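[1] the sequence and its predicted three-dimensional model are supplied below.
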Number of protein chains: 2
Amino acid sequence: MPKYGYFDDKNREFVITRPDTPTPWINYLGCEEYCALISNTAGGYSFHRDPKDRRITRFRYNNIPPDRPGRYIYIRDLESGKYWSATWQPVMKAISHQSSAISYKYECRHGLGYTVIKSRYRGIDTETTYFVPLGENLEFWALKLSNSSNKTRKLKIFTYAEFCLWHAEMDMADFQYTLNIAKAHLEDNAIFHETEYAPGADRFNLSFFACDRNVSGHDCDREVFIGPYRSEANPEAVEKGRSFDSFASGGNPIASLSITLTLKPGQSENATFILGVAEKKSKAKDTVRKYADLSSVLEKLRELKSYWEDSLSSYQASTPDPEVDLMVNTWNQYQCRTTFNWSRFASYYEAGIGRGMGFRDSNQDTLGVVQAIPEKVKVRIGELASNQFKNGSSYHKFFPLTKTGEKGGYSDDPLWLILATAGYIKETKDFAFLEERIKYIDGGSGAMYEHLKKAIDFVESEKGPKDFTLMRFADWNDCLNLGTDNETAESTWVPELHYLAIKEFVRLAEYSGQKADIKKYMALAKTIRDNFKKRAWDGEWFIRGIDKFGRAVGSKKNAKGKIYLNTQTWAVMSGIADDKKARLCMDMVKKYLDTKHGIMLMAPAYAEFDPVLGAITTFAPGLKENGGIFCHSNPWAMIAETMLKRGDRAYEYYKKILPTVKNKIADTHKTECYVYSQFITGRDNPHFGRARNSWLTGTAAWNMVAITQYILGIRPEYDGLLVDPCIPRKWKGFSVRRKFRDAIYEIEIRNPNRKCHGVKSLIVDGKRIEGNIIPDFQDKRVHKVRAVLGK
Amino acid sequence: MPKYGYFDDKNREFVITRPDTPTPWINYLGCEEYCALISNTAGGYSFHRDPKDRRITRFRYNNIPPDRPGRYIYIRDLESGKYWSATWQPVMKAISHQSSAISYKYECRHGLGYTVIKSRYRGIDTETTYFVPLGENLEFWALKLSNSSNKTRKLKIFTYAEFCLWHAEMDMADFQYTLNIAKAHLEDNAIFHETEYAPGADRFNLSFFACDRNVSGHDCDREVFIGPYRSEANPEAVEKGRSFDSFASGGNPIASLSITLTLKPGQSENATFILGVAEKKSKAKDTVRKYADLSSVLEKLRELKSYWEDSLSSYQASTPDPEVDLMVNTWNQYQCRTTFNWSRFASYYEAGIGRGMGFRDSNQDTLGVVQAIPEKVKVRIGELASNQFKNGSSYHKFFPLTKTGEKGGYSDDPLWLILATAGYIKETKDFAFLEERIKYIDGGSGAMYEHLKKAIDFVESEKGPKDFTLMRFADWNDCLNLGTDNETAESTWVPELHYLAIKEFVRLAEYSGQKADIKKYMALAKTIRDNFKKRAWDGEWFIRGIDKFGRAVGSKKNAKGKIYLNTQTWAVMSGIADDKKARLCMDMVKKYLDTKHGIMLMAPAYAEFDPVLGAITTFAPGLKENGGIFCHSNPWAMIAETMLKRGDRAYEYYKKILPTVKNKIADTHKTECYVYSQFITGRDNPHFGRARNSWLTGTAAWNMVAITQYILGIRPEYDGLLVDPCIPRKWKGFSVRRKFRDAIYEIEIRNPNRKCHGVKSLIVDGKRIEGNIIPDFQDKRVHKVRAVLGK
């Protein structure tokens, strides 16, 4: 049994069995406008649409003790005066593996869009279900209390949520201002937080916290509730057993309601709390009335669960490896959706005040969800294209709520729009999308097709002295800062992406009948390839770039940073390298970058700051891009290996960073073992194997692509569903049930000769098909497909 | 006996007798490049020159529990395993007024530039002296441990300082980045924090923490020292009694050294810790060696104390009111120096990431310190003038380290330069300063005289439809945001300041013999005065401005914000109002704005947000500018009352906001009772009387001016030292010892007829003098002055 928890696959839940996980293990609730991050001990925060401009509750990042505050419920036994928390934090009673006569029992279940935390202490059981219902801007905290002791118990319940003063950046920096604006008070059994604040655009100033039972007291002023020199662990109100009925006029507003309950032995009672935002107080009150009855709340939970079941049903696999199935059928899809929803906006590691929606990030995120939600992907790609300038460049990040953005000198950004668009059209065959007119940020508009063409042209216009793309501030690797706008440093990786993007664009041009473009861009692709072949090879691998002094970066000539992963994987993925060099460079990846915990982004790690290389050299060795196992880049190696037909190696790489596998080494890995983290610490650091920055990462989408499209090998193509697996030799076969353009395909793959690739025969609905593309039926029916490998 | 502490005037210390003050009661250590904020329980943080770019240690603002972390020393009894803190926080043992068998005894002495915290617990006494020595970029923590029990004790001491990752803004927001850059380790008995970080300009990456005894262990990694789900209150290392000897490679770097000591009954031992910054490691090691001996540390403490004694000696008064003497002789001067040093850069309420040096703030700050440090004031005024543009406008705030600044549309900024310059020349007679060439921020340079003229001209060029100065974003009242760059809202207060500044400028023009300017600017002053008389009167007081729709603000016609303080006080101070209106408007101040806790900035407070009025209406009623007792504005009322010869009322206003007076109502006032706070909550709020934002406020300088120059009435003029007191009738007299232009004046004022003003006779060195100006001897001698009031 793993130390901290296990997968309950039947319920699609991860069950955490002790509260003191090595880092907070969190969940994201809400998949529309309201987002609530919640940890396994109910820590976390909420926001509405934008984590900077509309932060609802406050979070103390990087705090000690960690993970404060949160959505807390205190339980106080009115007879003994003892009190504890329904979610372990913040009171943190001794837990059962610790030595204590009366130990605290605990369980947390993170499900899809909901989290349930149970406790048992001093004969009282609690079960608190947290979720954000569909179609509403609120979260429920549905508490069930049961008396498992043999005497009647009189209990007082206190809630605690700490409001953010709306603007998260001011809230953490401008205390002179923010600590004088709060207004919160009780009205009609609910707390209303109506604080006005300075930023003018999109003012939003009403949140509310209500209960479906009559409250016996309340507090809106943090300092009154907590008391002097105390913390969430021992609030004065809870210790004294009574709310002080404070309102907030300045200071820190909170939502604390108290209710009193009497439970006979065996008896249970429910109390449901709502935390939400509304435009007007009357609307908030309507909402509270709407959910006055528990059954209406539970109905919303059922609706949410069936929404997710439906969504996941677009892709379900059954392989010989249950760890693969767990991820691909539930958790990887779930993480892909979360990442698609919130880009890199806000997490436990990203304070949510500056990142916004990433242009390259969000384009890549579409690749992981397009099979499940093609309509939403189309809208998102259109939104991304509208963050492009007339010259084909684009914002690097943007803020949909305030309609602002920032460029910042990233040389790869615009090209990702082509990969996302190709992915969408391959899934949907919606070529009409290419003709839709979409605005440019600096005026005018153009067909989507034109947007893509301009992206290619813009990158083509940015060439350096050796005919590679100018690096500018950075390419995909944000922290490898070889140049500035005035400097000549070049990226050898952007040409690989450029080459692939042009090939994808040419395919679209073919389907669109744009003959002049086909010719022009095929020629351009050849020029790029010729230059790359001539100048990017280092002898055993491809260099990563050229610094402003004309020196190779990622070359055997360097003392540190000799070999980088991305130029090798993309040499293969893009098809720019010939077969021999493709194999050799990927063998060098295996030799120099592969570790037991995954593939490092580069090696050896830099030991000293070097201003010519930039921020990458400020990281401690083995962390982030400086020799870390940057998980986003690992699936590119898996894809490259499938292209080289090395299924065992692709699968080996896949398993090395698979979260489910990390459950066995949770004390090393530290972050959640049901989602990917941004990176795992590399070999050159004493914390080798420790992951950081879980949840919002391009790793989710690319691993989904790697496993479903390249390893399991069911890949949408314009003409149909391509079947091209590249699996471990030991597998006998596997099956996939997949939605594709209004039809369902139940695909069974057999691997009788234990070759790992090559479709020898393909039978669709009982009929043999030539080649390996399943026809595009679009008939809303279920089709049985059987393929045999070993060609 | 006041509840929290008392003044030890002999030692110029404020003695805090219990640690749980209503807010942290702090001190500022360091008056050169190194600044350390320290609370009465050793909380706080340090920075070098710039609190954003060179933050040395980290602070969690607005935290619960409050005031973490700090400069902590844990003491662990190796026999019993009990541990506690030498400064109460963070372990927070029960204190003597609480019920506890073994209670914790405590005392904190905040002195000038140093803080001493004593504890007694379980037979162990500690005395920790914190100070920043002159001429060094470091702070000492000098610990003395004594065994007052009757058995030999074996103790282990652990220190704790949490490093900031240099750039305070990234440190609190960009965890994805910052948590991967830390590098800290032990070398030669000291911890070195050598973290590199991204911002390129003025990189600074070395701090160190050392001890003058051999250390037995160390920790550099916060998570290792503290342990999972713990805090500073119960670190795992202290609980287990051993350092883990961790180094930091990513994560949060700390400085924890441990030493082991054995104390016989009655025995004492010392251990001195140094936290500092250096350019190179070799220099840091030299510094550590330099202070290896305790006597060298104590010598620096003596040097610091005599530096301050010297500095204060420039002005010492003896009045019938000891509360006045306490403030004017020690604490008000001390706060003036602190405010002069750090402007509004960083406090417990100002996170130190965005404010920088204020242009108007720092000009005003010079007024409070010019008698003590005229040379430093000259340098500062020159620096301020160099933040002016060729057109006479200026930055609103600027950052000396990075040489950057921001404008921001404040209509009053440039004028303050004239008041500061006049103040400096009145103190020094250094008219040559007017001829010094000083650069403009946008190129070129001009004589200081030209800088001043341009300031007047710029403001004159910014007129609205009613010939008042355009408000722009705001004037002195930052949060009364009537207009923008494109709007016609006007300030009626800026014309008052403008009028006064022109009068001061004309005096300088007279001494400079600039006849054309005299004529021109006298005419301009008249125009401004005529317009003001014609249009600013509301019937019983002066309006505050005109909104963008042409409506009066601060008028009896308004439902809220009927009367504002500043246009009344400045009508008198500037001399722009005739005598009858001057008296009437100040009587209306008394009637509508005065309260038992001080004078409110305006009334009645706004209850609802109004975008036409701006941020002032986002404050809860009674807070900040929205009907708060904004202390900065109170001395202007005192000065105005002395000009109206109403000494009792001036003194009444002075006493109402005097910090020393607040010691009796500390639980209401909450902030330190030895320094002014920015504001006290006004009548329209349930927290009426509660102060906020202590220490860095223009209140310090203006109260120093009000008490010394207008109430006690010893005021530098170009031709000598003016004697013009306006004191309470009940006073028999008072005396002042003051340095002025290289001479010392011992001035005794008698008030035999209990009239409060009017010098009837003036005797200097035994000789009767006509008028009330003491001649300007400049002879480095002591002169005896006796004046009798009652003319």
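    Yep, it's here. Numbering: from 1, shown residues only, chains lettered A, B, ... in the order given.

[2] return the residues of the stretch 351-500 of chain A in contact with chain B.
    Within the stretch 351-500 of chain A, the positions lying close to chain B (CB under 8 Å from any CB of the partner chain) are A:351, A:353, A:354. Every C-beta, even on glycine, is put in place using the N, C-alpha and C of the backbone.

[3] what residues are up against the last one?
    The reference is to residue A:354. With contact set as CB atoms under 8 Å, 6 or more residues apart in numbering or on different chains, residue A:354 has these partners: A:52, A:169, B:173, B:174.

[4] let's see it at 7 Å
    Contacts of residue A:354 were listed using CB atoms under 7 Å, 6 or more residues apart in numbering or on different chains, and they are residue B:173.

[5] can you list the residues of the stretch 151-300 of chain A near chain B?
    A:172-173, A:175-176, A:179-183, A:196-198, A:226, A:228-232, A:249-250 (CB under 7 Å from any CB of the partner chain).

[6] domain boundaries for chain A, per the record?
    A:5-310, A:313-711, A:714-789 (automatic domain parsing).

[7] sorry, back to before: and the buried ones among the residues of the stretch 151-300 of chain A next to chain B, selectable in ChimeraX?
    Selecting the buried subset of those in ChimeraX, with 16 or more other CB atoms under 10 Å in any protein chain shown as the burial test, is done by:
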select /A:172,173,175,176,179,180,181,182,183,196,197,198,226,229,230,231,232,249,250
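
[8] helices - which of the residues of the stretch 151-300 of chain A next to chain B land there?
    Using DSSP state H, A:175, A:176, A:226 are the members of these that sit in helices.

[9] which of the residues you listed sits closest to residue A:368?
    The shortest distance between residue A:368 and any of those, using CB to CB, involves residue A:175 and amounts to 40.1 Å.

[10] name the nearest residue to that closest one, sequence neighbours excluded.
    Here the nearest residue to residue A:175 in space, its sequence neighbours aside, is residue B:349; by CB to CB, 6 or more residues apart in numbering or on different chains that works out to 4.9 Å.

[11] show the contacting residues for the one you found.
    Residue B:349 makes contacts with A:175, A:176, B:693, as judged by CB under 7 Å, 6+ apart.

[12] could you dump those into TSV with pLDDT and distance to residue B:551 added?
    Formatted as TSV, the entries for the contacts of residue B:349 read as follows, by pLDDT from 0 to 100; distance: CB to CB, whole Å:
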residue	pLDDT	distance to residue B:551
A:175	94	33
A:176	92	29
B:693	96	31
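
[13] so can I have TSV of those showing distance to residue A:221?
    Output for these, formatted as TSV (distance: CB to CB, whole Å):
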residue	distance to residue A:221
A:175	16
A:176	19
B:693	18
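
[14] residue numbers of the stretch 651-791 of chain A in contact with chain B?
    A:685, A:686, A:687, A:693.

[15] quick check: the farthest pair among these?
    Using CB to CB, the two most remote members of these are A:686 and A:693, lying 18.7 Å apart.

[16] more neighbours: these two, which one.
    The neighbour comparison of residue A:686 against residue A:693 (other CB atoms under 10 Å in any protein chain shown) goes to residue A:693, with 23 against 14.

[17] contacts made by stretch A:84-95 with the rest, please.
    Contacts of stretch A:84-95 from elsewhere in the structure, counted by CB under 7 Å, 6+ apart, are A:18-20, A:41-43, A:67-68, A:70, A:72-75, A:83, A:100, A:103-104, A:106, A:117, A:119, A:121, A:126, A:128, A:143, A:232-233, B:229.

[18] measure it end to end?
    Chord length of stretch A:84-95, first to last residue, is 12 Å (CA to CA, to the nearest Å).

[19] residue A:152 versus the residue nearest to residue A:175, what's the distance?
    49 Å (CB to CB, to the nearest Å).

[20] mind checking the SS state of residue A:38?
    Judged by DSSP: H, G, I helix; E, B strand; the rest coil, the three-state class of residue A:38 is strand.

[21] could you check how far it is from residue A:288?
    Using CB to CB, we find residue A:38 at a distance of 21 Å from residue A:288.

[22] mark which of the contacts of stretch A:84-95 are buried, thanks.
    Under a neighbour-count criterion of 16+ other CB under 10 Å, the subset of the contacts of stretch A:84-95 counted as buried comprises A:18-20, A:41-43, A:67-68, A:70, A:72-75, A:83, A:104, A:106, A:117, A:119, A:121, A:126, A:128, A:143, A:232-233, B:229.

[23] shaky segments in chain A?
    A:97-101, A:200-202 (pLDDT under 70).

[24] quick one on the thing from earlier: phi, psi for the residue nearest to residue A:175 please.
    For residue B:349, the backbone dihedrals are phi -120, psi -20 (criterion: degrees, to the nearest 10).

[25] rewinding a little: for residue A:30, state which of the contacts of residue B:349 is nearest.
    residue A:175 (28.9 Å).

[26] list the contacts of that closest one.
    Contact criterion CB under 7 Å, 6+ apart gives B:61, B:62, B:349, B:351 as the residues in contact with residue A:175.

[27] name the SS class of residue A:696, please.
    With three-state DSSP as the criterion, residue A:696 was assigned coil.

[28] quick one: contacts for residue A:368?
    By CB under 7 Å, 6+ apart, the contact list for residue A:368 reads A:336, A:340, A:700, A:701, A:704, A:705.

[29] mind listing the helices for the stretch 301-450 of chain A?
    A:322-326, A:332-342, A:359-367, A:374-385, A:416-428, A:448-460 (DSSP state H, counting those that start in this stretch).

[30] if you count neighbours, what's buried in the first one?
    Applying a neighbour-count criterion of 16+ other CB under 10 Å, one finds A:323, A:324, A:325, A:326 buried in helix A:322-326.

[31] kind regards, and thank you for your time.
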